[in-house]
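Peer 1: no letters, just coordinates:
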């Protein structure tokens, strides 16, 4: 592979790159490959993040070669806006409305340059595998070859093999799809295994290419249904898996906005339609979720082993993250769809071969929206004008470098939009009526004294000035 240019962070200068299609032929690619791997619904339940139960040796090994971001946040805890946001570089509010299942940010922004498209325009060979945008969504402008969408193999057990779950917010009368299964099958019996196989083959072929590559690999797991080969279930002792530490809704938070009824999970058969999920079933669900995490870990490990075998590892920037977090009985909730820490916080590992902060865990606040400008900066590419994120590239070389003072997230429920900022100490959520534009509810959580976000102290005497300050900060991001 030719060594065309060195990223500016190494030599201290920026390589100017234009952003229009007409300038493609005049730009030469940088020297680094980029491998961007994303899971679905994965909260930071990994060994490197201190989880005592998770069996994640491959991701833990990647973490030892990466900068581990302890406080990385999505901008909306649901797949469509989160993925379209970091892919396009736009805030959720800037994306436009989703009008149908195939609708992406392109519906209202047809001409902007997306993340992989920027690299493609500058001479990188770009490929996409699996779930990158939302289900079935593609962005042909971004790929050098057509996006790989695996066969939709959701179930593999003989009694379930023909089932195809429809995940939505309704709870149908006739629920036929199981929430989880442990089938005696190999990795490629499910669609994520096919995605990993295709990605490995593409990496193997890329070693013969002259130009560098930019590849995005998206895994569906641990999204529902929580299905994984039985060998990953066998890694765990179910009785040792703890239940949610904080199973009750936050006190003093308005339940109309703060919580939901977990319909995504309740749409599967044998799950109670309402009320608490019994402890035995809750533990079984968590067991299934952990099995899916270990399944993804193994698939990621296979992709990384192929990268090393191809001789490309030392020349590749690697990102591993998730589109949002998840609640597993926490605050009475199953699924995402909130502004709480467990829904908005994601794992984020960034491995840059020459990064001086490699192997460190840092507490800098970052957003998924920041990945686009960061990867552009690391690769010596100027950033498109529409980007709404902020590069954290400097923190990969200096763990004390300042990134963000607040991280933004939002969610809409019951006729109000809840906008949230996470600061070093606090999470503040302001719910505004979509009709009247008036604030109808506030939540404030003090992570120094209440890391589980169990009691909103928005109404506590003495917090008025703090709320005014945080509300002002929040408005600067709207």
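Peer 2: Alright, I've got the coordinates. None of these values were measured; they are calculated from a predicted model.

Peer 1: what's the span of stretch 357-368, first residue to last?
Peer 2: 19 Å (CA to CA, to the nearest Å).

Peer 1: now the stretch 1-150 of the chain, which segments are flagged as low pLDDT?
Peer 2: Within the stretch 1-150 of the chain, the segments meeting pLDDT under 70 span 1-30.

Peer 1: residue contacts, residue 334?
Peer 2: Neighbour list for residue 334: 262, 264, 265, 266, 277, 285, 327, 328 [criterion: CB atoms under 8 Å, 6 or more residues apart in numbering]. All C-beta spots, glycine's among them, are computed from the backbone N, C-alpha and C.

Peer 1: which SS state does the fifth one fall under?
Peer 2: So that's residue 277. Assigned by DSSP: H, G, I helix; E, B strand; the rest coil, the conformation of residue 277 is coil.

Peer 1: hang on, it packs against residue 327?
Peer 2: No: Residue 277 is not in contact with residue 327 according to CB atoms under 8 Å; the separation is 11.9 Å.

Peer 1: of the two, who's got more company?
Peer 2: Ranked by neighbour count (other CB atoms under 10 Å), residue 277 and residue 327 place residue 327 first, with 25 against 22.

Peer 1: quick check: the more buried one vs residue 422, distance?
Peer 2: Per CB to CB, to the nearest Å, residue 327 is found 16 Å from residue 422.

Peer 1: most neighbours among the contacts of residue 334, please name it.
Peer 2: residue 327 (25 neighbours).

Peer 1: residue contacts, the nearest residue to that residue once chain neighbours are set aside?
Peer 2: Distances taken as CB to CB, 6 or more residues apart in numbering place residue 333 nearest to residue 327, at 4.0 Å, with adjacent residues excluded. Listed by CB under 8 Å, 6+ apart, the contact set of residue 333 reads 259, 260, 262, 327, 340.

Peer 1: try residue 412
Peer 2: So residue 412 contacts 418, 434 (CB under 8 Å, 6+ apart).

Peer 1: that one and residue 428, how far apart?
Peer 2: Taking CB to CB, one finds residue 412 at 17 Å from residue 428.

Peer 1: against residue 268, how distant is the residue nearest to residue 279 when sequence neighbours are not counted?
Peer 2: Excluding its sequence neighbours, the residue lying closest to residue 279 (CB to CB, 6+ apart) is residue 243, at 6.1 Å. Here residue 243 is placed at a distance of 19 Å from residue 268 (CB to CB).

Peer 1: higher neighbour count, those two?
Peer 2: residue 268 (20 against 13).

Peer 1: now the more buried one. Nearest residue, chain neighbours left out?
Peer 2: residue 179 (3.9 Å).

Peer 1: could you do residue 417 as well?
Peer 2: Nearest one to residue 417, counting by CB to CB, 6+ apart, is residue 432 at 5.6 Å.

Peer 1: quick check: phi and psi at the one you found.
Peer 2: Main-chain torsions, residue 432, degrees, to the nearest 10: phi -120, psi 130.

Peer 1: any idea how far it is from residue 469?
Peer 2: 18 Å.

Peer 1: residue 186 now?
Peer 2: 55 Å.

Peer 1: do residue 363 as well
Peer 2: Counting by CB to CB, the gap from residue 363 to residue 469 is 21 Å.

Peer 1: between the two, point out the one with more neighbours.
Peer 2: residue 469 (13 against 10).

Peer 1: helix, strand, or coil at the more buried one?
Peer 2: helix.

Peer 1: list the buried residues of stretch 49-60.
Peer 2: Counting neighbours by 16 or more other CB atoms under 10 Å, one finds that the buried residues in stretch 49-60 are 49, 53, 54, 55, 56, 58, 59, 60.

Peer 1: got a list of contacts for that stretch?
Peer 2: 44-48, 68, 70, 235-236, 240-242, 290, 293-294, 297-298, 300-301, 304, 320, 347, 349.

Peer 1: so how far is it off the chain centroid?
Peer 2: Computed by CA atoms, centre = their mean, to the nearest Å, the chain-centroid distance of stretch 49-60 equals 17 Å.

Peer 1: for it, measure first residue to last.
Peer 2: 9 Å.

Peer 1: please renumber the chain so that the first residue is 217 from this point on.
Peer 2: Got it, first residue is 217 now, which makes that one stretch 265-276.

Peer 1: what's the burial count for residue 527?
Peer 2: 10.

Peer 1: what do you get for the one 3 residues further on?
Peer 2: Here the count is done by other CB under 10 Å, and residue 530 has 9 residues near it.

Peer 1: tell me which element the closest residue in space to it that isn't next to it in sequence is part of?
Peer 2: Take residue 530 and drop its neighbours on the chain: the residue closest to it by CB to CB, 6+ apart is residue 569, 5.3 Å away. Using DSSP states H and E, residue 569 sits in no helix or strand.

Peer 1: and the gap between residue 655 and residue 267?
Peer 2: With CB to CB as the criterion, residue 655 and residue 267 are 37 Å apart.

Peer 1: is it correct that residue 372 is in contact with residue 441?
Peer 2: No: Residue 372 is beyond contact range of residue 441, at 10.8 Å (criterion: CB under 8 Å).
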